[in-house]
Each structure stands twice: as C-alpha cells, then as structure tokens.
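**Q** Build me a model:
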Amino acid sequence: MRITGGSRRDTNDNFSEEDRIAGRASARYARAWAIGDLVADAIIAIVRPFRDAALRVHTWHVAQVHRHALESLSDRELSDIGISRCDIAGISAGTFQRGGWHGEATTPRKPDLRKPRAANDGGRAKPALRRGGRP
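**A** Sure thing, here's the model as predicted:
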C-alpha cells in the first residue's frame, strides 16, 4: 500500500481506472438520489398541512354556498324537494340521510354493528331458519 495525498489507496485492488470512475459515478448517483428523496419528503411534509387547510376551507365554503342556496328557497319549494328548514343544516354538513318507512327525512343514527343485515331488506328481514324450521 502506498499513501498519496493524504488518502489511502490500495494499489493491488485489480480495478481498472475505468471501473473506479464508474464506481464513483454510481456512488454519486446513489447519493444524489437519496438526497433528492429526503428533499422531496421534506417538501411534502411542509406543504401537506397547507394543502389540508385549503381543502378544509374549500369544503366549508361549498357547504356555506349550499346552505345559503337552500335557505333562500321558500317553504313550499323545500317541501317540493322533500326537505324542511330543519334539514338544511344536516344537508350542508353532509350528515343528512333519508330514512323511515315513508321516506321522511331523519337524522342519521349510529349503525348497529351487532347484527349484519342485507343491504336491500330495509331492516325488515326475518331471522334465517335452521334445519327443522326453527329460528
């Protein structure tokens, strides 16, 4: 081994100068790629809260536009489309749903997770019968 210019280099490594240049280029490329990933992650971490805030403001604005449009309708126009004044807040908040036996507007309920039902039975399904005709 010989020491040149303060760096240690093994002269018996059997690599050509072209191989060394290619290895250095590959290392630089990998380093640049890793730094680029870190910079991209940092930019995303900085931008994401602003994007989320802008999305919340936009969603709020759209809800307000819908609420004002519905509030400008008369009671008769609201009944023509099947809602009442008390439903406007739920519609603009996105929590309104129709329900009941006659399609009247109701506030949403928490789903009953204990007993699954078919999507099209309207909650009126009878329990399945076991062998012998007993529930």
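
**Q** Toward the C-terminus, what is the element adjacent to the longest helix seen in the chain?
**A** Across the chain, the longest stretch assigned as helix under DSSP state H is helix 17-71. Next helix or strand after helix 17-71 toward the C-terminus (DSSP states H and E): helix 75-80.

**Q** buried residues in the next helix or strand after that next one?
**A** Later in the chain than helix 75-80, the nearest helix or strand by DSSP H and E is helix 88-93. The neighbour-count check on helix 88-93 (16 or more other C-beta atoms under 10 Å) flags Ile88, Gly90, Ile91, Ser92 as buried. Just so you know, the C-beta spots here come from the backbone N, C-alpha and C atoms, and that holds for glycine as well.

**Q** unless I'm mixing things up, the third one is touching Ile83, no?
**A** When you say that, I think you mean Ile91. Yes - assessed by C-beta atoms under 8 Å, Ile91 is found in contact with Ile83 at 6.8 Å.

**Q** hmm, back to that, what's the mean pLDDT across the longest helix of the chain?
**A** Helix 17-71 carries an average pLDDT of 93.

**Q** Begin at 38, not 1, for the rest of this chat.
**A** All set: I'll call the first residue 38, so the last point we hit is now helix 54-108.

**Q** and it, what other elements does it pack with?
**A** Applying 3 or more C-beta pairs under 8 Å, 6 or more residues apart in numbering; DSSP states H and E, one finds that helix 54-108 contacts helix 125-130.

**Q** Now do the SS call for Asn51.
**A** When classified by DSSP: H, G, I helix; E, B strand; the rest coil, Asn51 comes out as coil.

**Q** That one: what's it in contact with?
**A** By C-beta atoms under 8 Å, 6 or more residues apart in numbering, no residues touch Asn51.

**Q** Quick check: neighbours shared by Ile128 and Ile120?
**A** By C-beta under 8 Å, 6+ apart, the residues touching both Ile128 and Ile120 are Leu107.
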